[in-house]
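**Q** Let's see this in three dimensions:
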Amino acid sequence: MSSSRAELESSIASLAARLPALRAEYPDNGDLMMAFAGEADVVQDAAGPADEAWVHERLSALLSEAIGEA
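**A** Residues are numbered from 1 along each chain as shown. Presented below is the predicted three-dimensional model:
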């Protein structure tokens, strides 16, 4: 069953809050991207068809921001 938009937003916000810790744990961008992908896949998998593109866009923006901070 797909998560609601509010649940997805909460999951994305939680991942965003974890990004500083992930960045500290994985200073190499390649390692960070792999760790991020593992967590982002869970969120992406919870999205229904109507939210897939929105979730992908939000997660891509988070990753771009995290990589840009390196």
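
**Q** From the chain's centroid, how far away is whatever helix or strand Ala37 lives in?
**A** Ala37 belongs to helix 29-46 when assigned by DSSP states H and E. How far helix 29-46 lies from its chain's middle: 6 Å, per C-alpha atoms, centre = their mean, to the nearest Å.

**Q** Likewise for stretch 48-63?
**A** 9 Å.

**Q** And that stretch, what's buried?
**A** Asp51, Val55, Arg58, Leu59, Leu62, Leu63 (16 or more other C-beta atoms under 10 Å). Quick note: C-beta positions are derived from backbone N, CA and C, even for glycine.

**Q** and if you look at stretch 13-23?
**A** Neighbour-count burial for stretch 13-23 flags Leu15, Leu19, Leu22, Arg23 (criterion: 16+ other C-beta under 10 Å).

**Q** Name the surrounding residues that touch it.
**A** Under the contact criterion C-beta atoms under 8 Å, 6 or more residues apart in numbering, stretch 13-23 has outside partners Leu32, Ala35, Phe36, Glu39, Ala40, Val43, Leu59, Leu62, Glu65, Ala66, Glu69, Ala70.

**Q** Please check the residues you listed and keep the buried ones.
**A** Counted by 16+ other C-beta under 10 Å, these give Leu32, Phe36, Glu39, Ala40, Val43, Leu59, Leu62, Ala66 as buried.
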